[in-house]
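**Student:** Structure, please.
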Amino acid sequence: MRGCSAELARWVDEQTPLRDALWWADMTTGPDGDTTGVRERIAEIQARYGPEDLVTFFIRQAEPELVAAVERTEARLRAAGIEVR
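**Tutor:** Modelled structure (predicted):
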């Protein structure tokens, strides 16, 4: 994705429940496939890449939006009667 800003700019962030659900799936599943919390997942990513890595920089910037997407998805799941850990 690095160096592809111009190509990626033509796609708008759709900000839909589907996008939130995809982020939820990624942010609540650890690298071993086990369920985890979003904050634990973000901490794991930062620890894996190290404090100076570009991935760590961007995950820190994205944290509020990622956490909000997870919270919205879990609220939707609960509203649909689906138990969330």
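**Student:** Tell me the first helix or strand C-terminal of the worst-scoring helix or strand of the chain on mean pLDDT.
**Tutor:** Least confident helix or strand of the chain, by mean pLDDT, DSSP states H and E, is helix 5-8 with a mean of 81. Using DSSP states H and E, the helix or strand that directly follows helix 5-8 along the chain is helix 17-27.
**Student:** Now the element after that following helix, going C-ward?
**Tutor:** Criterion used, DSSP H and E; the element after helix 17-27 is helix 38-49.
**Student:** From the contact counts, what lies against that next one?
**Tutor:** helix 17-27, helix 54-79 (3 or more CB pairs under 8 Å, 6 or more residues apart in numbering; DSSP states H and E). Every residue, glycine included, has its C-beta placed from N, CA and C.
**Student:** and the shortest one, how far from the chain's centre?
**Tutor:** Spelled out, it's helix 17-27. 7 Å (CA atoms, centre = their mean, to the nearest Å).
**Student:** got the angle between it and helix 54-79?
**Tutor:** Angle of helix 17-27 versus helix 54-79, following axes from the mean of the first three to the mean of the last three CA atoms, to 10 degrees, is 120 degrees.
**Student:** All set now, cheers.
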